[in-house]
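Enquirer: I would like the atomic coordinates for the input below:
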Amino acid sequence: MSNILFFLTPKAMCAHLHADDTLRQALERMEKAHYTALPILDRKGHYVGTLTEGDLLWALKDMCNMDMRQTEEHRIMEISHRKDNVPVRVNTSMQDLIDRAANQNFVPVVDDKNDFIGIITRRSIMKFCQEKLFPED
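Expert: Next comes the predicted model:
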């Protein structure tokens, strides 16, 4: 089968958040990227979690009382995350990658130092499988 790096969207091309970003920054970045979930990195480039639209909605309700001005007073790491997407390493097998992607819309990829290097989307895996299973004649 293929190496998982074939599917990688590099960090430089990934929309992501920093752990010290505010709720407002997260809302704006998520809106601009048109994604429903984004990886969160610390300032050293380590993956530290995933923030979803749902996490943001609950934070607006619980932390900001639906007042958008208060979104600048809270950092995203104050928000409870429903679930964090579990990262894989570059040497992860295709079987393990597919298993992980079945439960996550993207899979963060980290190197041996836990530095975030990019994501693999479920869409890219499905497209590859479709091409292999149903090649055009």
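Enquirer: alpha carbons only for contacts and neighbour counts from here, please
Expert: Noted.
Enquirer: the residue nearest to the spatial centre of the chain: which element?
Expert: Geometric centre of the chain, nearest residue: residue 39, 3.3 Å, by Cα atoms, centre = their mean. Using DSSP states H and E, the element containing residue 39 is strand 37-41.
Enquirer: tell me what that strand is packed against?
Expert: With contacts taken as 3 or more Cα pairs under 8 Å, 6 or more residues apart in numbering; DSSP states H and E, strand 37-41 sits against strand 17-18, strand 47-52.
Enquirer: what about the helices in this structure?
Expert: Secondary structure of the chain, counting by DSSP state H: helices at 23-33, 53-64, 94-101, 122-133.
Enquirer: pull out the buried positions in the third one.
Expert: Read that as helix 94-101. 97, 98, 100, 101 (16 or more other Cα atoms under 10 Å).
Enquirer: residue 20 versus the nearest residue to residue 101 once chain neighbours are set aside, what's the distance?
Expert: Nearest residue to residue 101 in three dimensions, chain neighbours excluded: residue 122, at 5.5 Å (Cα to Cα, 6 or more residues apart in numbering). Residue 122 sits 27 Å away from residue 20, going by Cα to Cα, to the nearest Å.
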